[in-house]
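Visitor: Make a model of this:
(one chain, ligands or ions: 1)
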Amino acid sequence: MAQETGGINRLLQDVLKRPGNETCADCGNPEPDWASLTLGVFICQACSLLHRSIPHISRVKSIQETWDASDIELMAALGNTAAKAKYEQKVPAFYYRPTHTDCKLLREQWIRAKYERNEFEFIEKQEPYSAGYREGFLWKRGRDNGQFLSRKFILYEREGALKYFNKQDARDPKAVMKIETLNATFQPAKIGNPCGLQITYLKDNSTRNIFVYHSDAKEMVDWFNAIRAARFHYLQVAFPGASDEEVRAFDLTLQKYL
Ligand SMILES: [Zn+2]
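Guide: The predicted structure is shown next:
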């Protein structure tokens, strides 16, 4: 039987060498050594742990285990390239695609957005971050005592600004952050929360930071991508005729000055 198992493993190795299967379907890490049998994708070990948290969508198996011929056939019929064409068919140009060095929150939400919520197959599911308007409450770290307080935030592309308000019924915002100078990065360790987001902006020619989080991971990643969408759309207007790729390159260059 050992000979037969060896033969089967060779078949699996052949499938792994096919274009698309040589990197993790979710984070791009080379040489994935796990697979999702239900989704038909090869993934790295770190991503396999995240897949385990959505067992109703994804059933994972190590390539080191013993494989049935039927499971190998399934992986040969599906695979990373076919899965990408299905689950990533409508990823917006501004949407952040995490790599293996990104925080767990971003990687997990990317996996859930793709396979659990099917956000990139149905454009209407992208409204929380692509509508050009978003409002809601975030926990914001106080400047003086470091305590987090609930604050109302409004992102409005047409006004070119992200604002927050100290009191719920306040008419005047506490801060107006211009989209053209806005940048956001996840900083869970620095902020002491897995959903911690650092928002950087320019005011009176100096760099300011605020630190926020939302207790719901999807909500926080939606805020992050809504900010990216607003910036992307601002740059599309500022650089008419530029391709999506060029706009992304402009964005990275401009962020260096923040
Ligand atoms: Zn991965």
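
Visitor: Need the three-state assignment for the residue of the stretch 101-250 of the chain found nearest the ion.
Guide: Per CB to the ion, Arg107 is where the stretch 101-250 of the chain lies closest to the ion, at 7.3 Å. C-beta here means a position set from N, CA and C on the backbone, and glycine is covered the same way. Secondary structure, DSSP: H, G, I helix; E, B strand; the rest coil: Arg107 is helix.

Visitor: is it true that it touches Cys44?
Guide: No - with contact defined as CB atoms under 8 Å, Arg107 does not count as touching Cys44 (10.1 Å).

Visitor: Show me whatever sits in contact with both of the two.
Guide: Both Arg107 and Cys44 are contacted by Asp26, Cys27, His100, under the criterion CB atoms under 8 Å, 6 or more residues apart in numbering.

Visitor: Tell me which of those fall in helices.
Guide: Among these, DSSP state H puts none in helices.

Visitor: Buried residues of stretch 208-217, list them for me.
Guide: Ile210, Phe211, Val212, Tyr213, His214, Ala217 (16 or more other CB atoms under 10 Å).

Visitor: same question but for stretch 19-31, I mixed them up
Guide: Buried-residue list, stretch 19-31, by 16+ other CB under 10 Å: Asn21, Thr23, Cys24, Ala25, Asp26, Cys27, Asn29.

Visitor: now, the most widely separated pair of those residues?
Guide: The distance between the two most remote of the buried residues of stretch 19-31 (CB to CB) is 14.2 Å, for Asn21 and Cys27.

Visitor: How much space separates the closest residue to Thr23 other than its chain neighbours from Leu16?
Guide: Nearest residue to Thr23, sequence neighbours excluded (CB to CB, 6 or more residues apart in numbering): Pro30, at 5.4 Å. Distance of Pro30 to Leu16, given as CB to CB, to the nearest Å: 11 Å.

Visitor: related to what we said a few turns ago, a markdown table for the shared contacts of Arg107 and Cys44, including pLDDT and distance to the ion?
Guide: Putting those into a markdown table (pLDDT from 0 to 100; distance: CB to the ion, whole Å) gives the following:
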| residue | pLDDT | distance to the ion |
| --- | --- | --- |
| Asp26 | 98 | 5 |
| Cys27 | 97 | 3 |
| His100 | 95 | 5 |
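
Visitor: hmm, back to that, out of the buried residues of stretch 208-217, who's nearest Asp244?
Guide: Using CB to CB, the buried residues of stretch 208-217 come closest to Asp244 at Ala217, 26.7 Å.

Visitor: show me what contacts the closest one?
Guide: Leu105, Glu108, Gln109, Pro194, Cys195.

Visitor: Look up how far Ala113 lies from the first one.
Guide: When distances are taken as CB to CB, Leu105 and Ala113 turn out to be 12 Å apart.

Visitor: Assumed Gly136 was part of a strand.
Guide: Yes - assessed with three-state DSSP, Gly136 lies in a strand.

Visitor: burial of the closest residue to it other than its chain neighbours, as a residue count?
Guide: Leaving aside its chain neighbours, Gly136 sits nearest to Phe153 (6.3 Å; criterion: CB to CB, 6+ apart). Residues within reach of Phe153, counting by other CB atoms under 10 Å, total 23.

Visitor: Identify the residues contacting Phe153.
Guide: By CB under 8 Å, 6+ apart, the neighbours of Phe153 are Arg134, Glu135, Gly136, Phe137, Leu138, Leu162, Lys163, Tyr164, Phe165, Val212, Trp223.

Visitor: does it count as helix, strand or coil?
Guide: strand.

Visitor: got the residue ranges for the helices in the stretch 151-258 of the chain?
Guide: With DSSP state H, counting those that start in this stretch as the criterion, the stretch 151-258 of the chain has helices at 188-191, 217-238, 244-255.

Visitor: Out of the ones you listed, point me to the one whose mean pLDDT is lowest.
Guide: Of all the helices of the stretch 151-258 of the chain, the minimum mean pLDDT falls on helix 244-255 (a mean of 83).

Visitor: Tell me which residues are up against stretch 28-41.
Guide: So stretch 28-41 is contacted by 16, 21-26, 42-48, 51, 57-64, 71, 74-75, 77-80, 82-83, 87, 99-100, 115 (CB under 8 Å, 6+ apart).
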